[in-house]
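# model this:
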Amino acid sequence: MEDKQTRKLHFNIFDLLILLLAAAVGVGVLALRNRAAGTDVARETVPMRCTVEFIRVVDGMEEAMHPGDSVFRSTDGAYFGKIVDVSSVPHKEVEYAPALGQYVEYEAAEYSDIYVVVESECYATERELVFGSVPVKIGAELPVKGRGFARVGYAVALDTMGAALPENTAAGVGGCEAVYTLLFEDARSFYEENIHLGDRFYEPKTGTLLGTVEALSVRPHEETALAPDGTASVVAKPGRYDLTVTLRGRFVDKADGYYLDGGAELKVGASIAVESRTISRTGVFAAIESVEGVA
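Prediction:
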């Protein structure tokens, strides 16, 4: 009888240890997943607005979009927000006119550009703004559906409505620090409007911290065009700009190159996909301005 009681006691203790271990593993997995997703920032929701642009749609599509209607991400049905305003303008195309030696802008018959303002309860992480359940970045595709429409658009404006966003505290790793520039060519003005001093830039797939924005400069985007006589000239393209963003980032110095935050390699002339809390864009490493060791 005593042996049976002893065996039962041992079994109960072992079972309890298994349960405690399983619980600890579960908590650890959730913590790691939340940290990887950037959700370690407090999720205090505030109302924000996002303007979504639908380019070159058939005239009349805006009639299926109504203020007050809910909209969702069409790929999975995730809630995005409610429509608060809808407007449209004639769609315009830009083409180079050799006879004039410049680009000309003209309206495309029977097509419009639609702008839908969506309001939602949002929260911010270090790497994104989440509208309802949908992360939104300027320049990234945004598949949207409502009660009577579905279309892929692009976020072109973000309005925090006066809300103070949580401070981004990401610092990076590495024993060296570099000041370098990224070039975004042929960009529209909404990129400039949504890049701010102090923003952190990341490489989307790996999460590598590329650096912190220290300066931003803009110039008109120019392209080489041929005149009817075959001569070439450099012509500015209306509504397009080249953005140069200066970043300061920590890196690991290896024999074969500099690795920002120990991940993405810093190579002048190489393209790299980047994102901040507000934008998504592919840029080019344009120059390394300084490299120095840090304590």
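
# these two touch, right, residue 156 and residue 53?
Yes - contact criterion Cβ atoms under 8 Å: residue 156 and residue 53 qualify, at 4.6 Å. C-betas here are computed from N, CA, C, even on glycine.

# doesn't residue 104 make contact with residue 93?
No - taking contacts as Cβ under 8 Å, residue 93 lies outside contact range of residue 104: 9.2 Å.

# joint contacts of residue 156 and residue 53?
Residues touching both residue 156 and residue 53 (Cβ atoms under 8 Å, 6 or more residues apart in numbering) are residue 115.

# same drill for those two, tell me which one is more crowded.
When residue 156 and residue 53 are compared for neighbours, residue 156 comes out ahead with 21 against 16, by other Cβ atoms under 10 Å.

# just the C-alphas of the host helix or strand of the more buried one, formatted as PDB.
Element membership for residue 156 (DSSP states H and E) is strand 150-159. This file holds the C-alpha atoms of strand 150-159, laid out as PDB (Å, rounded to 0.1, in the frame of the first residue of the first chain):
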ATOM      1  CA  ALA A 150     -12.900  45.500 -54.600                       C
ATOM      2  CA  ARG A 151      -9.700  47.000 -55.900                       C
ATOM      3  CA  VAL A 152      -6.000  47.200 -55.200                       C
ATOM      4  CA  GLY A 153      -5.000  50.700 -54.100                       C
ATOM      5  CA  TYR A 154      -2.100  52.500 -52.500                       C
ATOM      6  CA  ALA A 155      -1.900  54.400 -49.300                       C
ATOM      7  CA  VAL A 156      -0.900  58.000 -50.200                       C
ATOM      8  CA  ALA A 157      -1.500  59.900 -46.900                       C
ATOM      9  CA  LEU A 158      -1.600  59.200 -43.200                       C
ATOM     10  CA  ASP A 159      -3.300  61.500 -40.700                       C
END
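
# and it, what's buried?
151, 153-156, 158 (16 or more other Cβ atoms under 10 Å).

# separation between residue 74 and residue 157?
Using Cβ to Cβ, to the nearest Å, one gets 21 Å for the distance from residue 74 to residue 157.

# check residue 69 too.
20 Å.

# over to residue 50?
7 Å.

# shared neighbours, those two?
With contacts defined as Cβ under 8 Å, 6+ apart, no residue is adjacent to both residue 50 and residue 157.

# assign a three-state SS to residue 191, would you?
helix (DSSP: H, G, I helix; E, B strand; the rest coil).

# OK, contacts around it?
Per Cβ under 8 Å, 6+ apart, neighbours of residue 191: 138-139, 184, 241, 243, 279, 281.

# if you set the cut-off to 10 Å instead, what comes out?
138-139, 156, 184, 216, 218, 241, 243, 245, 278-281 (Cβ atoms under 10 Å, 6 or more residues apart in numbering).

# pLDDT-wise, what's the bottom of the residues you listed?
When the contacts of residue 191 are sorted by pLDDT, the bottom entry is residue 139 at 92.

# that one against residue 281, yeah?
Yes - Residue 139 is within contact range of residue 281, at 5.3 Å (criterion: Cβ atoms under 10 Å).

# with that, I have no additional questions.
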